[in-house]
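Colleague: with the sequence up front, the predicted model follows.
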Amino acid sequence: MNSNGPAAASNISIKKSTQYTCPMHPEIQRDAQGDCPKCGMPLEPVGADAPVNDSDLRSMSRRFWVSVPLTLAVFVLAIGELIPGLDWRGWFGEHVFAWTQAILTAPVILWSGAP
């Protein structure tokens, strides 16, 4: 008797062929994920039953929400010079004030702006 009978056949799953297309160039159709040859955007699955990959959205959302408080801090430091009575440059000292702004700005530009 063959041990690869009906039980073994039921373990074989039939994989659907998912088509991927570029959101900007719908004429581009591929059988596998990748980048659009015209614009370089990642290809997205076609159809309602297509798997959803939202890793780019999560990554960009995380970058945005980390950048918001850092940007607001730099904004408040910069605007503080324009408000009479707020002499933050004098309170911190010239070098500390400049380095504080540079340290707060670096992650926004280098990490959040990297993509």
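Modeller: Received, thanks. Numbers count the residues shown, from 1 in each chain.

Colleague: how about low-confidence regions in the chain?
Modeller: Per-residue confidence of the chain (counting by pLDDT under 70) places the weak regions at 1-16, 48-52.

Colleague: check which residues of the longest helix anywhere in the chain are buried.
Modeller: For the chain, the helix with the greatest residue count under DSSP state H is helix 55-80. For helix 55-80, burial by neighbour count (16 or more other C-beta atoms under 10 Å) applies to R63, S67, L70, V74, L77. Backbone N, C-alpha and C define where each C-beta goes, glycine included.

Colleague: hey, where'd the helices end up in the protein?
Modeller: 6-10, 55-80, 88-92, 94-107.

Colleague: what's the closest of the ones you listed to C22?
Modeller: If you check each of the helices of the chain against C22 by C-beta to C-beta, helix 55-80 wins as the nearest, at 14.4 Å.

Colleague: and V108, what is it in contact with?
Modeller: S67, L70, T71, V74 (C-beta atoms under 8 Å, 6 or more residues apart in numbering).

Colleague: isn't the first one right next to S112, touching?
Modeller: It refers to S67. Yes. Judged on C-beta atoms under 8 Å, S67 makes contact with S112 at a distance of 4.3 Å.

Colleague: next up, the contacts around V74.
Modeller: Each residue near V74 by C-beta under 8 Å, 6+ apart is listed here: Q101, L104, T105, V108.

Colleague: for the longest helix of the chain, what is the distance to the chain centroid?
Modeller: In terms of C-alpha atoms, centre = their mean, to the nearest Å, the gap separating the centre of helix 55-80 from the centre of its chain is 13 Å.

Colleague: swap in stretch 72-89?
Modeller: Taking C-alpha atoms, centre = their mean, one finds stretch 72-89 lying 31 Å from the centre of the chain it belongs to.

Colleague: how long is it from one end to the other?
Modeller: Stretch 72-89 stretches 17 Å from its first residue to its last (C-alpha to C-alpha, to the nearest Å).
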